[in-house]
Structure formats: C-alpha cells, structure tokens
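> my questions concern the predicted model and sequence given below.
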Amino acid sequence: MTVFEKLIEPLQDILDEIEGTRHKHHNEVLSWRQFIIVLIYHFTVGSDSRNTLVVKLAQADPRLKLPKLASATISDAFRRFDKRLAQTAFKRLLSRLEVPEIPEIELLGTVILVDGSYFRFRHLAFWQNKRVQGVKLHMQLHLNRMVVADFAVDSKNSSERKHFVGMLHAGAIFVADRGFMSYDLLRQALACEAFVVIRATKSLVTTTTQSLAVEVPRELQHLWQNVRDSRVISAHKDAKGLEFRLVEFSIGLTTYKLITNHFGLTTYEVILLYAYRWQVEIVFRFLKRTMNGLQLITECQHGIQTFFSVLFITALLHLQFKFDCLTDEGLLASPVPSTPPPAPPIILAATSAQGAQPTACSGIKKGKVSFLGYLNNFTKLWRIPKHWLTTLADNLHRTFDHAVVSALNKQVLLPKLINSLTHP
C-alpha cells in the first residue's frame, strides 16, 4: 500500500458507496470517484493552478494510479458533477473522524468559531448572474477538534449574519467578532437554544439590571484591567424584551465588550472563549496559503462548492493521518485527559510572567503574550505544519512503512512538547 492509498483509506468506502448510487452519464471519461481523488492529490501536493495540476498528473509516479487529464476535462468535471456528492462525502467523513478533542476546550462544551473570508478568482466570473471577482466562504470551525464543521459559499457582499443564523443549532457555543453583532442574531440564538459569545462595538449602550460576581483565577487577574460582569438590557428598538450578559475588560488602551446569553460560564471562561476566536483566522490562512486553497481552479458556481468540499475533505484526511502516524510511534499512546490538572499549565505560564515590564506593543504586558501564546500551544498539535505537508507530498508514491511514519513525525513537534500538551 502506498502512502497516498493509506492517506485516503478512511474515505475509500464513502467514495465507493456514492459512486455506486449516483446517476452516471453514458459517455463519461472521468468518474466522480477519480475526480475527487485527483482533487485530494491537488491539495496535497500544492498545485497552484489547473494547468500545474495537469502537469503534475502527467508526471505522477505510476504507483499512484492517477489518470492523465486535460485541463478541459477537469473544468468539465467541476460543471458536470452534482455539488451535493462532495458535500455528502465531507459530512460522512467528518462524522467518523477519530481525532481527540482539545482538553481545555472540551471542558467548556461544544465550541464553534464563526467567520467569513474572501477568495478571489483569477479572472472575472459569473456568479448568480453577475460578473464578480471572487466569492466569500462562510465557515464554522469546530474548535474542540480544530476541524471545519460546516460552510457555505456566497457572493462577496453576502450577509455573514444571515449565514450565521442558518448555522445555529442547540447546545453549542458560537463565538464571533464584531461584524456579527446583532440583537436579532441574539434573539435567533435564544430561539434555537444555542449560545453565543460576540464582541460588541464600542457604541453599545446598556443598562445594568444586576452586577454579577467577577470570576477570574487569582493567578490571571493581572492580565486584564477594569473587569466587569453584568446582566443588562438595552433601550435599542431591536433589543426590546432581551436581557443578556455583558463582560467588559481592558487590555492596555483597548476596551473589550463581550455579549453572551450563556450565564453558566465564569467571567474567565467567557474571556477565554473570545481569546480562542483568533484560531479561525489561523485556519483561513492555512487553507489559503499552506494548502493553496487561495488558488481557485474553477469559476463554475456549483463547482466552487465541490472545490471547497474536497479542500475540507483533504484537510480532514491530513489531520487523521497525522494523528495515526503519531499513535503508531507511541507519541499519543494515552488518551487526551478530560479532567483538568491540579495546576493548569495555562495558569503557570501566565504566572511566570507576572510582574513583567510593559513592552512597546501598545502597553500589552509580557504576561498577556505568555497567556495567548500558551492558548496557541494547545492547538498546535491539531495543526498541519507546512514541512509535514511537504514531506507527505514527497512520499506519496512510496510504500507506507515505519520509515515514512518516522519522517512525518519529525516534522510535527518535539516529543517533549507533545507530552507536555497531552500529559500536563
């Protein structure tokens, strides 16, 4: 079995089932199953255009069993195959993914980060009967496992709030930035029995109905100033009948206002959830730059849906393959703990920098940088390093064996750091 065959192994039966039930054209040159595998290869080797993919397919090692295709054949496949096929494959693969959850997040429940990002076409294209230069990807990131949970593709000026409301579901905590601030969205979340944590604009005016106890670990109290936690109402016409929670704090000269309908979290946990929101920006950068998702190789409207579905399928396969390789060498032999340690390293890291002198970074102290840096460390194990992906691409044609596993694991993290994250 080659490395490429091992990589796509979790998807094989899903592809076979969908291929066996879909409606087929009587004169197909390229099957849907082959097309999906070609796109997975495209994202894995980092092709930067459709023509580059054609060249790579022509030069691919015969052991990969990849078809040699013309650019027109690939373009036609995006137009011809139903976008729902790839979406179904993505959902099925996501449901069977065996990736551990980040322990610090698992304790808070299911956390979803929501944001949108613009992807530009190489040329002007027709989208919803208009000539456009690009599309906007609306994405939900399942923070617990650092995987994309859902997505939608729409025009550049499409409403992020509208797509946000359509993605709400009961029980989950949705975290978003200021652009999503809306009383109607808060009302919709309450109706769906979902929770939201959203940064409000500076112009937010509220009336306090009850002051709540500020609950922040003593070791971390030096990180924020002027921390307040309140139950509030607003005189705004759209907020009639709404009562929500407002958490306020300052970092240097910047004041943050976070609104939420979740009263079961501590003040610290609300702040922590918003601090993790930055992870969605990192994932967008990874999809665009590391996986070359920025280079759209189709301008067909429903072909774009297939493009992003397979991009996310490939990211899931990479993540599963990475954890499988780490497990093979015993680096993740023990399950990630689901209970907090007596002295969380996140607090120890911040405490070690307590009392540090202010830096030139807008008055932000080294302690805050330590705190945010450690938040970032918790998610590193769930990310795909660029050099790991390059090593994978270089070895796709090789027989899958311990030498390949070892080469890939060397590109992840030092075992000492892995152990510090999984065994605090």
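Yes, it's here.

> from now on I want contacts and neighbour counts done on CA atoms only, so please keep to that.
Fine.

> can you list contacts of stretch 106-117?
Stretch 106-117 is contacted from outside by 105, 136-144, 160, 164, 171-177, 269, 277, 280, 284, 338-339, using Cα atoms under 8 Å, 6 or more residues apart in numbering.

> how long is that stretch from one end to the other?
Counting by Cα to Cα, to the nearest Å, the length from the leading to the trailing residue of stretch 106-117 is 26 Å.

> average pLDDT across it?
Across stretch 106-117, the average pLDDT comes to 93.

> list the buried ones in it?
Buried residues in stretch 106-117, counting neighbours by 16 or more other Cα atoms under 10 Å, are found at E106, L108, V111, I112, L113, V114, D115, G116, S117.

> pretty sure E215 sits in a helix.
No - read with DSSP: H, G, I helix; E, B strand; the rest coil, E215 is coil and lies in no helix.

> neighbours around D16, how many?
The number of residues packed near D16 is 12, by other Cα atoms under 10 Å.

> what do you get for the one 3 residues further on?
Burial of E19, expressed as a neighbour count using other Cα under 10 Å, amounts to 16.

> in three-state terms, label it for me.
E19 - assigned by three-state DSSP - is helix.

> distance of it relative to H25?
When distance is defined by Cα to Cα, E19 is 12 Å away from H25.

> and for V405?
Per Cα to Cα, V405 is found 40 Å from H25.

> ok, now how distant is L294 from F119?
For L294, the distance to F119 (Cα to Cα) stands at 6 Å.

> wait, I meant A86
Distance, A86 to F119, using Cα to Cα: 20 Å.

> more neighbours, the two?
Neighbour count, other Cα under 10 Å: between A86 and F119, A86 has more, with 23 against 18.

> just confirm L113 is within a strand.
Yes - looking at L113 with three-state DSSP, it is inside a strand.

> can you tell me the element A86 falls in?
A86 is part of helix 83-95 when elements are defined by DSSP states H and E.

> quick check: buried residues in stretch 266-282?
T266, T267, Y268, V270, I271, L273, Y274, Y276, R277, Q279, V280.

> how far off centre is that stretch?
With Cα atoms, centre = their mean, to the nearest Å as the basis, stretch 266-282 stands 14 Å off its chain's centre.

> so how far is the first residue of that stretch from its last?
26 Å.

> touching it from outside, list them.
Here stretch 266-282 has contacts from 108, 113-115, 141, 175-177, 197-199, 214-217, 229, 247, 258, 372, 375-376, using Cα under 8 Å, 6+ apart.

> check these for burial and list the buried ones.
Judged by 16+ other Cα under 10 Å, buried ones among the contacts of stretch 266-282: 108, 113-115, 141, 175-177, 197-199, 216, 229, 247, 258, 372, 375.

> PyMOL command for the buried members of the contacts of stretch 106-117?
Selecting only the buried entries of the contacts of stretch 106-117 in PyMOL, with 16+ other Cα under 10 Å as the criterion:
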select buried, resi 105+136+137+138+139+140+141+142+143+144+160+164+172+173+174+175+176+177+277+280+284
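
> that's all I had, so thanks and see you.
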